[in-house]
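**Student:** Have a look at this prediction, sequence included:
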Amino acid sequence: MKIITQSLTEDSAAYLQGYLRQGDAATYPAMIIVPGGSYTHIPEQQAEDLALAWSARGYQAFFLRYSFVGEKTPLLPAPIVELAQSVAMLRQHATDWQIDVAKINVAGFSVGGHIVALFNDLWPNATLNQLAGTQPEQVKPHAIILGYPVISPKLGFPTDQQVLASWTDDPDSIAADERVTDRNAPTFIWATAADPLVPAQNALSYAQASLAHHVDTDLHLFHHGPHGLALANHVTAWKPGTALPHVAHWVDLANEWLDELD
């Protein structure tokens with residue numbers, strides 16, 4: 001395996017870290033992990049563990065360190081722009097990195113899920129592509145995975161208006177469930193009904209919007225588990241009760257679903 005780190009732009013701290021398989025296959029599908037962290041940080045070890053889990057399943061895997069609160073004011077849409085630039089970067093380096101350009105997937109968790117959900121809504125959008133310096137065909141995702149995602153400030157997170165103001169000066173524009181279109185990529189969503197931080201209604205609302213627009217949608221709501229489970233196994237367990245074998249099935253379920261899309 002080869003580990004690479006690529007800066008996205010000269011005017012931000014954002015970068016893409018990759019874990020590249022170096023096998024005999026001509027190309028591999030790709031997975032970009034967009035981790036959580038309340039827009040103030042990312043848990044890099046967890047992000048790496050998530051990437052390596054997809055590498056083990058035959059993917060060229062990456063994680064995105066996007067811009068945080070305080071680095072851009074207001075923060076959004078900078079992380080969405082950086083994700084678009086990341087997808088374009090994978091297409092640009094597809095030959096060197098042995099990537100199948102038809103199978104570039106993105107997985108977001110918590111506020112990373114907010115970034116990914118909005119990116120899914122907006123990848124064809126002219127304004128987003130102008131900000132990213134891209135064209136829609138360069139940033140079109142194959143499929144989207146959302147884990148315990150933040151979807152809209154109207155659905156219970158964040159609860160602090162000062163925090164929300166640091167994200168955006170237009171809260172309606174970041175309600176991802178209200179911006180779904182018929183062009184959204186196939187979407188796999190999972191959450192836990194007991195999540196005490198980001199209500200499961202976020203996941204349900206995005207799934208309902210996706211179904212209303214005839215988007216291929218696969219929804220899994222597990223009955224038990226706190227926020228931030230990541231792989232939900234011993235690898236990413238961060239306190240007692242965060243290694244949950246039932247919830248950990250989400251990775252295999254998502255992998256099976258991706259295989260069915262081919």
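**Tutor:** Cool, got the structure. Residues are numbered from 1 along each chain as shown.

**Student:** show me where this structure has strands.
**Tutor:** If you assign secondary structure with DSSP state E, the strands in the chain sit at 2-7, 15-20, 28-34, 60-65, 99-109, 143-147, 187-192, 217-222.

**Student:** Dump those to TSV, plus mean neighbour count.
**Tutor:** Quick note: C-beta positions are derived from backbone N, CA and C, even for glycine. Listed next are the strands of the chain as TSV, based on neighbours: other CB atoms under 10 Å:
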stretch	mean neighbour count
strand 2-7	11
strand 15-20	20
strand 28-34	27
strand 60-65	27
strand 99-109	23
strand 143-147	28
strand 187-192	26
strand 217-222	18
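
**Student:** Mind putting the ones you listed into JSON lines with mean pLDDT and distance to Ala207?
**Tutor:** As requested, the strands of the chain are exported to JSON lines (pLDDT from 0 to 100; distance: least, CB to CB, whole Å):
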{"stretch": "strand 2-7", "mean pLDDT": "97", "distance to Ala207": "33"}
{"stretch": "strand 15-20", "mean pLDDT": "98", "distance to Ala207": "28"}
{"stretch": "strand 28-34", "mean pLDDT": "98", "distance to Ala207": "19"}
{"stretch": "strand 60-65", "mean pLDDT": "98", "distance to Ala207": "23"}
{"stretch": "strand 99-109", "mean pLDDT": "98", "distance to Ala207": "15"}
{"stretch": "strand 143-147", "mean pLDDT": "98", "distance to Ala207": "9"}
{"stretch": "strand 187-192", "mean pLDDT": "98", "distance to Ala207": "5"}
{"stretch": "strand 217-222", "mean pLDDT": "98", "distance to Ala207": "4"}
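
**Student:** can I get those strands in CSV with distance to Ala200?
**Tutor:** CSV is the format used below for these (distance: least, CB to CB, whole Å):
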stretch, distance to Ala200
strand 2-7, 35
strand 15-20, 30
strand 28-34, 20
strand 60-65, 25
strand 99-109, 14
strand 143-147, 12
strand 187-192, 5
strand 217-222, 6
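
**Student:** out of the ones you listed, nearest to His93?
**Tutor:** Between His93 and those, the shortest gap by CB to CB is with strand 99-109, which sits at 7.3 Å.

**Student:** what's the angle between that closest one and strand 28-34?
**Tutor:** Here the directions of strand 99-109 and strand 28-34 differ by 30 degrees (axes from the mean of the first three to the mean of the last three CA atoms, to 10 degrees).

**Student:** Direction included, what does strand 99-109 pair against?
**Tutor:** When pairs are called by DSSP bridges, strand 99-109 turns out to pair with strand 28-34 (parallel), strand 143-147 (parallel).

**Student:** avg pLDDT for whichever helix in the chain runs longest?
**Tutor:** Residue-count comparison of every helix in the chain, with assignments taken from DSSP state H, identifies helix 78-92 as the longest. pLDDT averaged over helix 78-92 equals 98, rounded to a whole number.

**Student:** related to what we said a few turns ago, and of the strands paired with strand 99-109, who's closest to Pro171?
**Tutor:** strand 143-147 (19.8 Å).

**Student:** hmm, who's touching the closest one?
**Tutor:** Contacting residues not belonging to strand 143-147 are listed as 105-110, 113, 116-117, 120, 184-191, 203, 206, 229-230, 250, 254, 257-258, 261 [CB atoms under 8 Å, 6 or more residues apart in numbering].

**Student:** Would you format the strands paired with strand 99-109 as a markdown table with distance to Thr242 included?
**Tutor:** A markdown table is the format used below for those (distance: least, CB to CB, whole Å):
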| stretch | distance to Thr242 |
| --- | --- |
| strand 28-34 | 18 |
| strand 143-147 | 13 |
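
**Student:** still on that earlier bit, figure out which of the strands of the chain is closest to Leu155.
**Tutor:** Put simply, out of the strands of the chain the one that sits nearest Leu155 is strand 187-192, at 11.6 Å, with distance taken as CB to CB.

**Student:** so what secondary structure elements neighbour the closest one?
**Tutor:** The elements that strand 187-192 packs onto, with contact taken as 3 or more CB pairs under 8 Å, 6 or more residues apart in numbering; DSSP states H and E, are strand 143-147, helix 201-212, strand 217-222, helix 250-261.
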